[in-house]
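Asker: Quick one: sequence and predicted model below, then my questions.
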Amino acid sequence: MPNKIKIMVVDDDAHIAELISLYLNKEGYETKEVSGGRKALEVFQQYSPYLVLLDLMLPEMDGYQVCREIRKISAVPIIMLTAKDDVFDKVLGLEMGADDYMVKPFDPKELVARVKAVLRRYEKKEGDVSKRIVWPELTINQSTYTVTYHGKDLELPPKEFELFLHLAQHPNQVFTREQLLDHIWGYEFMGDTRTVDVHIKRLREKFTYDDVWSIKTVWGVGYKFEMK
């Protein structure tokens, strides 16, 4: 990553946006503040941020819609900011493609810690050698974060990719939700095991499955990449 990591802060409350930027700037990040949903999509194309902090309650277009549109063109990490401490809102945000969420009011220092944790997970090591996993009609490229299925490239957000990769690297091995949460999201993540269920659901929607492999639920335990 470059020395100045660009972060787009999308919030219609100017005071909150300025406070977030202040803390991020102190940590060496470059920020761009945006107040509206439609404007956020325009700025996203021009600014090309490495991470997006996205408020749910926005004028013109809400955070869910913005997240959905960004996910059509990019796998950039998204942390949602919500004033509602509601499980439905959190799950819906994850289903839309968000990587993490924080409930307002929050401690700016914790937000910075979350930002650092998410960016660490996506930081690529220099000199990374191309690695591929190949199964029937399926190729997973670890270096480019791409999945080819039946000859077509699939767009997987980073968290979905990492979860799918981890399961495929260990065929027929069962992982509990807690193990997957710890391995993919890390110990800094403050969410719960439903996060894993949401991402598994989204992965299953992208594959029709062959007779050779599938993502199988092991009831009462967790999930596995089953080779038949």
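Answerer: Sure thing, it's come through. Because the structure is a prediction, the values reported are computed rather than measured.

Asker: if I've got this straight, E226 is in a helix?
Answerer: No - if the criterion is DSSP: H, G, I helix; E, B strand; the rest coil, then E226 is strand and not within a helix.

Asker: ok, it - contacts?
Answerer: By C-beta atoms under 8 Å, 6 or more residues apart in numbering, E226 lies in contact with 171-172, 213-216. All C-beta atoms are positioned from the backbone trio N, CA, C, and that covers glycine.

Asker: CA atoms only: put the helix or strand hosting E110 into CSV for me.
Answerer: Using DSSP states H and E, E110 maps to helix 108-122. Output of helix 108-122 as CSV, limited to C-alpha atoms (Å, rounded to 0.1, in the frame of the first residue of the first chain):
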residue,chain,number,x,y,z
PRO,A,108,-13.1,7.4,17.7
LYS,A,109,-10.0,5.5,19.0
GLU,A,110,-11.9,2.3,18.6
LEU,A,111,-12.9,3.2,15.1
VAL,A,112,-9.3,3.9,14.2
ALA,A,113,-8.4,0.5,15.6
ARG,A,114,-11.1,-1.2,13.5
VAL,A,115,-9.8,0.6,10.4
LYS,A,116,-6.2,-0.5,11.1
ALA,A,117,-7.4,-4.1,11.7
VAL,A,118,-9.4,-4.2,8.4
LEU,A,119,-6.6,-2.7,6.4
ARG,A,120,-4.1,-5.2,7.9
ARG,A,121,-6.2,-8.0,6.6
TYR,A,122,-6.1,-6.7,3.0
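
Asker: mind checking how far the helix or strand just after it is from the chain centre?
Answerer: Next in sequence after helix 108-122, counting helices and strands by DSSP H and E, comes strand 132-135. From the chain centre to the centre of strand 132-135 is a distance of 23 Å (C-alpha atoms, centre = their mean, to the nearest Å).

Asker: Can you tell me what sits against strand 132-135?
Answerer: Strand 132-135 is contacted from outside by 139-142, 165, 168-169, 212-213, 227, using C-beta under 8 Å, 6+ apart.

Asker: so which of the residues you listed is the most crowded?
Answerer: Among the contacts of strand 132-135, the one with the most neighbours (other C-beta atoms under 10 Å) is I140, at 22 neighbours.

Asker: give the contact list for K216.
Answerer: Counting by C-beta under 8 Å, 6+ apart, K216 touches 223-226.

Asker: ok, L203 to A168 distance?
Answerer: Taking C-beta to C-beta, to the nearest Å as the measure, L203 and A168 are separated by 11 Å.

Asker: got it, and E18?
Answerer: Separation of E18 from A168 (C-beta to C-beta): 43 Å.

Asker: now the end-to-end length of stretch 44-61.
Answerer: Stretch 44-61 has an end-to-end distance of 14 Å (criterion: C-alpha to C-alpha, to the nearest Å).

Asker: worst-scoring helix or strand of the chain, pLDDT-wise?
Answerer: helix 87-96 (a mean of 65; mean pLDDT, DSSP states H and E).

Asker: Just list whatever residues bridge to the residue nearest to K4 when sequence neighbours are not counted.
Answerer: Using C-beta to C-beta, 6 or more residues apart in numbering and skipping the chain neighbours, the partner closest in space to K4 is E30 (4.5 Å). On the basis of DSSP bridges, E30 is bridged to K6.
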